[in-house]
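Student: This is the structure alone, sequence omitted:
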């Protein structure tokens with residue numbers, strides 16, 4: 001985040017959707033009419049989000065730690081077509097529910113580029129609009145810290161997966177792409193997917209513990 005005055009004022013924060021409002025919005029004609037960055041039509045990912053919400057169970061020690069913290073405000077920035085969003089956003093919703101924190105959600109590509117600009121993902125000298133972005137604030141919107149995209153163990157997994165992105169001698173280009181798609185789909189039903197949820201909570205908790213009064 002920059003040291004400049006944030007665009008996230010109390011008035012702007014209040015414009016964000018609650019979790020229930022966002023879930024209802026994802027499957028609406030208004031949202032589905034918004035094309036993805038590649039120009040393709042948008043799928044209805046509301047059931048994916050609801051399934052991840054149902055399958056998310058916080059660890060008792062995480063719930064205890066969350067309830068011991070001050071009441072915070074949380075801003076989430078994302079787009080529902082992104083796997084890191086439809087996996088991660090329900091985890092954040094469950095986390096906020098357990099902690100009693102207010103959560104407001106903003107679609108990144110719906111006139112919220114100014115918020116995105118405050119929380120760019122910086123890697124190897126480059127900047128990326130990675131999502132989701134989860135920002136933690138005090139009750140008066142004092143910035144505490146933010147979390148981007150996915151937990152560290154998930155980044156390690158994707159780094160290993162990317163090493164398979166070259167075509168094998170015995171396969172065509174289409175076969176290689178199908179193999180990679182299958183690998184991405186497989187992770188979404190694996191035990192690793194559940195582990196990533198717990199690691200997301202643990203990492204966000206670590207940020208929250210930096211709050212005044214924590």
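Tutor: That came through fine. Note that this is a predicted model, so its numbers are computed, not measured.

Student: which non-adjacent residue is nearest the most centrally placed residue in the chain?
Tutor: In the chain, the centroid-proximal residue (Cα atoms, centre = their mean) is residue 132; its distance is 3.0 Å. Leaving aside its sequence neighbours, residue 132 sits nearest to residue 78 (Cβ to Cβ, 6 or more residues apart in numbering; 3.8 Å). In short, each C-beta sits where N, CA and C put it, glycine included.

Student: Can you check the pLDDT for that neighbour?
Tutor: pLDDT, the model's per-residue confidence, is 96 for residue 78.

Student: Same check on the one 3 residues further on?
Tutor: pLDDT recorded at residue 81 is 93.

Student: State whether it is indeed within a strand.
Tutor: No: judged by DSSP: H, G, I helix; E, B strand; the rest coil, residue 81 forms no part of a strand; its state is coil.

Student: quick one: contacts for it?
Tutor: By Cβ atoms under 8 Å, 6 or more residues apart in numbering, the contact list for residue 81 reads 36, 42, 43, 45.

Student: thinking the residue nearest to residue 132 is in contact with residue 109, fair?
Tutor: No: look at residue 78 against residue 109 with Cβ atoms under 8 Å: they stay out of range, at 9.8 Å.

Student: the more surrounded of these two?
Tutor: Using other Cβ atoms under 10 Å as the criterion, residue 78 and residue 109 rank with residue 78 on top: 25 against 17.

Student: Give me the phi and psi for that one.
Tutor: The phi/psi pair for residue 78 (degrees, to the nearest 10) reads phi -170, psi -180.
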